[in-house]
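S.K.: No letters, just coordinates:
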């Protein structure tokens with residue numbers, strides 16, 4: 001009996017001791033792993049630049065690590081589950097120790113300045129659901145081991161310097177809802193495994209350098225709402241399965257080489273669309289009315305394609321359109337004089353419309369009075385380069401929030417309505433190359449925010465009013481060239497520090513150039529007030545000016561050069577026989593006179609006052625009729641090619657910034673008039689010098705407007721080889 005009791009007692013004691021041992025071991029493990037999180041976090045901190053560690057000041061042993069800034073722990077195990085240090089200005093690299101935080105579910109380190117490779121140890125974090133490393137400077141390849149993180153729902157690594165291909169292993173990440181790698185330097189094509197990610201809602205591979213066709217893998221992606229593939233080198237047609245995605249809300253396929261036609265019922269197939277952007281591709285055919293009439297569509301951008309045909313909007317009660325950009329296509333039948341009126345009438349119910357761009361198409365007819373019924377929110381209206389005729393309707397004055405009004409290169413006639421001055425926010429007004437007449441509109445003097453004014457190539461007459469001085473403080477470009485303006489330039493320039501282009505060529509102006517032009521201030525270390533702080537183009541040619549221009553004008557045109565030091569004189573300026581040369585720059589490309597033996601056919605006689613190629617920025621003035629003989633500079637074609645490459649390189653950036661397309665020193669501006677070509681009375685289009693300019697103009701004529709260039713470049717490129725003025729070159 002006693003022995004039996006001892007056996008039972010011993011068994012219970014052993015069980016109890018075993019339980020105690022397990023508890024002690026478990027407690028020790030918890031202590032150890034919790035301490036491992038603390039050590040891992042401190043190691044992560046050590047890899048961050050000291051100056052940017054301010055946000056981590058709480059990361060020390062004076063408090064539990066679960067209370068450190070950016071750290072969240074679970075309540076049960078006191079283990080780190082969230083690391084959130086986004087937008088904290090962190091500089092440094094990401095420590096491999098992050099792989100030791102085995103309970104991590106969320107990593108948010110976006111919007112910092114972290115660099116180096118993404119540590120492959122991240123692939124140990126099998127509980128990870130969200131990884132946001134975007135907007136940093138990470139480089140190297142995308143870790144294929146991330147495929148081990150099978151619970152990932154959000155993977156966002158956009159805006160970094162990652163290279164290589166997107167790993168095919170990611171096809172196993174079946175829980176992914178967001179996959180973003182835009183703005184990296186990847187290679188290859190769009191991975192076919194995308195079709196396996198049936199929960200995917202957002203896919204962005206924009207501006208990644210991807211090539212090839214869009215794979216036909218969208219059949220099972222019934223949850224896809226947003227897709228951005230813009231800015232790549234994608235070719236071919238868009239697969240039918242893509243258009244069958246009824247869940248799509250936002251589509252960005254811009255800046256590729258995609259072809260084909262849109263399905264006629266695309267607006268019905270994708271009824272939830274609110275953004276549809278296909279600009280800068282090679283799509284053809286008509287624009288389906290089902291798309292234009294979609295009740296949820298807000299942004300429609302199909303600019304720079306090969307669309308054609310009529311624009312038809314079906315009657316509807318609801319319109320949410322805010323942006324309609326149809327420029328640089330072939331819309332319009334070219335026959336129906338009512339097509340423009342019908343289209344604008346159809347947009348009159350769109351009360352949130354802010355941008356309407358119909359430029360560079362084949363629209364014809366008249367601007368209807370219903371133009372005034374467009375949204376009061378409209379800030380951008382452009383119908384440039386069409387075949388629109390008639391006068392500008394006074395109804396346009398109802399668009400009181402316009403900041404951009406483009407009417408150039410049409411057949412408008414009559415006068416500019418006086419009420420136009422009521423549009424006080426207007427900053428861009430372009431009515432060049434029409435048949436508009438009458439005196440200089442005094443209503444223009446009411447525009448206190450006007451930055452760009454182009455009234456060139458019309459039939460404006462009379463004198464420039466004194467009130468013109470009212471708008472000089474805001475103006476950056478004024479082009480009144482090739483009209484019938486007469487009299488003198490008003491002596492009213494008190495403040496014109498922003499002026500970059502002042503163009504009055506081809507009028508009947510006379511008298512002296514006003515002395516007040518020299519009062520335009522520039523801030524310098526000197527006490528001297530220098531004229532034209534920003535001026536780069538001054539064209540007063542083909543007028544009847546007389547008298548002298550102060551020498552200080554030319555000594556202080558600092559914006560037309562890249563001076564070796566401030567306030568130094570312009571380089572390579574030929575003024576009345578005097579030549580200023582570059583200082584401290586022996587490598588400057590001199591303009592060489594080509595002898596008859598060297599190039600018999602290349603000799604031109606130019607009517608110029610200033611002809612030069614500066615050490616730095618391009619230089620250009622035309623002020624009179626001095627005679628100068630010169631040949632083709634040998635550096636010319638190289639500069640044209642360089643400019644061409646710049647346009648290609650920067651074409652995908654046009655949405656995000658006001659481009660500085662041509663850096664200082666790229667291209668010389670020489671506004672010239674050929675007078676005596678050997679054996680001919682006009683410029684020969686077979687001459688390589690002319691061909692290069694015509695090639696440049698034809699290739700990029702539309703791009704000038706579409707890229708939002710500094711307006712001065714519009715003037716420069718448009719005159720490169722204009723067919724209607726073939727004797728004018730730059």
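M.R.: Yes, it's here. Model, not experiment: these values are computed from the prediction.
S.K.: Look up how far residue 346 lies from the closest residue to residue 395 other than its chain neighbours.
M.R.: If the residues on either side of it in the chain are set aside, residue 395 comes closest to residue 372, at 3.2 Å by Cβ to Cβ, 6 or more residues apart in numbering. For glycine as for every other residue, the C-beta is placed from the backbone atoms N, C-alpha and C. Applying Cβ to Cβ, to the nearest Å, the value for residue 372 to residue 346 is 15 Å.
S.K.: again with residue 462
M.R.: As judged by Cβ to Cβ, residue 462 and residue 346 stand 39 Å apart.
S.K.: Comparing these two, which shows the higher neighbour count?
M.R.: More neighbours sit around residue 346 than around the other of residue 462 and residue 346, counting by other Cβ atoms under 10 Å; the figures are 20 against 13.
S.K.: Is it correct that that one falls within a helix?
M.R.: Yes. Secondary structure of residue 346, determined by DSSP: H, G, I helix; E, B strand; the rest coil: located in a helix.
S.K.: Please report how far the residue lying closest to it once chain neighbours are set aside lies from residue 393.
M.R.: Counting by Cβ to Cβ, 6+ apart, the nearest residue to residue 346 once its immediate chain neighbours are dropped is residue 313, at 3.3 Å. The span separating residue 313 from residue 393 equals 20 Å under the rule Cβ to Cβ.
S.K.: which of those two has more neighbours?
M.R.: Residue environment comparison for residue 313 versus residue 393 gives the larger neighbour count to residue 313, 20 against 17, counting by other Cβ under 10 Å.
S.K.: What residues does the more buried one make contact with?
M.R.: Residues counted as contacts of residue 313 (Cβ atoms under 8 Å, 6 or more residues apart in numbering) are 289, 292, 293, 343, 346, 347.
S.K.: And it, how close does it get to residue 352?
M.R.: Distance check for residue 313 against residue 352: by Cβ to Cβ, it reads 15 Å.
S.K.: Residue 417 contacts residue 398, doesn't it?
M.R.: No. Taking Cβ atoms under 8 Å as the contact criterion, residue 417 and residue 398 are not neighbours in contact, 11.1 Å apart.
S.K.: which residues in the protein form helices?
M.R.: With helices called from DSSP state H, the chain shows them at 2-46, 240-243, 266-269, 289-292, 339-347, 551-555, 636-650, 688-706, 711-718.
S.K.: For residue 49, which non-adjacent residue is closest in space?
M.R.: Of all residues not flanking residue 49 in the chain, residue 91 sits nearest, at 3.9 Å (Cβ to Cβ, 6+ apart).
S.K.: For that neighbour, grab the count of nearby residues.
M.R.: The local packing count at residue 91 equals 16, with neighbours defined by other Cβ under 10 Å.
S.K.: Contacts only, for it.
M.R.: Residues 48, 49, 51, 52, 112, 113, 114 are the ones in contact with residue 91 under the rule Cβ under 8 Å, 6+ apart.
S.K.: Neighbours of the first one, how many?
M.R.: Okay, so that is residue 48. A total of 22 residues lie near residue 48 under the criterion other Cβ under 10 Å.
S.K.: just checking, it touches residue 92?
M.R.: Yes. In this structure residue 48 lies within contact range of residue 92 using Cβ under 8 Å: 4.1 Å.
S.K.: ok, the closest residue to residue 139 other than its chain neighbours to residue 121 distance?
M.R.: Leaving out its chain neighbours, the residue that sits closest to residue 139 by Cβ to Cβ, 6+ apart is residue 161, at 4.3 Å. The span separating residue 161 from residue 121 equals 20 Å under the rule Cβ to Cβ.
S.K.: Residue 153 too?
M.R.: From residue 153 across to residue 121, the span is 21 Å (Cβ to Cβ).
S.K.: One more: residue 450?
M.R.: 59 Å.
S.K.: Who has more neighbours out of those two?
M.R.: Neighbours of residue 450 and residue 121, each counted by other Cβ under 10 Å, are more numerous for residue 450; the result is 25 against 17.
S.K.: who are the neighbours in contact with residue 168?
M.R.: 191, 193 are the contacts of residue 168 under Cβ under 8 Å, 6+ apart.
S.K.: please redo it, this time with the cut-off set to 6 Å
M.R.: Residues touching residue 168, when contacts are defined by Cβ atoms under 6 Å, 6 or more residues apart in numbering, comprise residue 193.
S.K.: any idea how far it is from residue 188?
M.R.: Shown here: residue 168 relative to residue 188, a distance of 10 Å by Cβ to Cβ.
S.K.: do the same with residue 317
M.R.: From residue 317 over to residue 188 the distance is 47 Å, taken as Cβ to Cβ.
S.K.: Compare neighbour counts for these two and give me the winner.
M.R.: More crowded of residue 317 and residue 188, by other Cβ under 10 Å: residue 188, with 14 against 6.
S.K.: Not counting sequence-adjacent ones, nearest residue to that one?
M.R.: The nearest residue in space to residue 188 (Cβ to Cβ, 6+ apart) is residue 165, at 4.1 Å.
S.K.: ok, back up a step: so which of the contacts of residue 313 comes closest to residue 359?
M.R.: Distance from residue 359 was checked for each of these by Cβ to Cβ. The minimum falls on residue 343, at 14.0 Å.
S.K.: does that closest one really touch residue 309, like I thought?
M.R.: No. At 12.0 Å, residue 343 and residue 309 do not qualify as touching, with contact defined as Cβ atoms under 6 Å.
S.K.: okay, the two: which has more neighbours?
M.R.: The residue with the greater number of neighbours, taking residue 343 and residue 309 and applying other Cβ under 10 Å, is residue 343; the counts read 23 against 15.
S.K.: For residue 437, give the beta-bridge partners.
M.R.: Beta-bridge partners for residue 437, by DSSP bridges, are residue 459.
S.K.: Can you flag the weakest of the helices of the chain by average pLDDT?
M.R.: Least confidently modelled of the helices of the chain is helix 688-706, at a mean of 38 by mean pLDDT.
S.K.: what's the distance between residue 428 and residue 453?
M.R.: Between residue 428 and residue 453 the distance is 8 Å, computed by Cβ to Cβ.
S.K.: Looking at these two, which is more packed in?
M.R.: The residue with the greater number of neighbours, taking residue 428 and residue 453 and applying other Cβ under 10 Å, is residue 453; the counts read 24 against 19.
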